[in-house]
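Undergrad: following is a predicted model, sequence given first.
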Amino acid sequence: MSVNEKDNLMYTQMFKRMCAKSLIVLQRQLSDFLVGGIFGGEIVEEVKEILMTAPLTNLTAERLFGDFDFDIFKRRRASFSRSSLNMFKHNKTGRWITKKIPTAAARLLEEARLHGMKMQRKSREAEKDIRLKIRA
């Protein structure tokens, strides 16, 4: 047997062993989703319809998290206003408000202005509580 054949045999055996061990780990980690597991049965039609509308990836959530993270890093002192701006940008509040009847939109914006300071205080207090709990 040549050196090349010995290497090929060794690699083949190693690959088979790695695959067998990977299968054991995957079966353990995915046991709930395999046949006999909690979620391993047939999917109900209602759930199938819901799943058809779900995005295939979590890229949107990853982008949002990255955007929030960057804004907090860039502007540490403006957390409430940056969070509000991010939410306004990502949940399409601007588009939603323009579809409202002008009087209803004006009323909603006025209410937001009236209660903005109170919400800002609540937000700061909540942040302080969180920081205190983290330090404790």
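TA: Structure received.

Undergrad: drop to CA atoms for contacts and neighbour counts, all remaining ones
TA: Noted.

Undergrad: which secondary structure element is home to the residue most central in space within the chain?
TA: Nearest to the mean C-alpha position of the chain, counting by Cα atoms, centre = their mean, stands A61 at 4.2 Å. Element membership for A61 (DSSP states H and E) is helix 59-74.

Undergrad: and that helix, what does it pack onto?
TA: helix 79-90 (3 or more Cα pairs under 8 Å, 6 or more residues apart in numbering; DSSP states H and E).

Undergrad: now the element after the helix it packs on, going C-ward?
TA: Following helix 79-90 in sequence, per DSSP H and E, is helix 93-98.

Undergrad: break this structure down into its domains, please.
TA: 1-33, 59-91, 101-136 (automatic domain parsing).

Undergrad: still on that earlier bit, show me what counts as buried in the helix holding A61.
TA: 68, 71-72 (16 or more other Cα atoms under 10 Å).

Undergrad: now the angle between helix 79-90 and the strand or helix carrying E125, please.
TA: Per DSSP H and E, E125 falls inside helix 102-135. Interaxial angle, helix 102-135 versus helix 79-90 (axes from the mean of the first three to the mean of the last three Cα atoms, to 10 degrees): 130 degrees.

Undergrad: the helix or strand bottoming out on mean pLDDT in the chain to helix 59-74, inter-axis angle?
TA: Among the helices and strands of the chain, helix 79-90 carries the lowest confidence by mean pLDDT, DSSP states H and E, at a mean of 73. With the same axes, to 10 degrees applied, the angle from helix 79-90 to helix 59-74 works out at 150 degrees.

Undergrad: out of the buried residues of helix 59-74, which one has the weakest pLDDT?
TA: Lowest in pLDDT among those is I72, which has 73.

Undergrad: I'm done for today, thanks for sticking with me.
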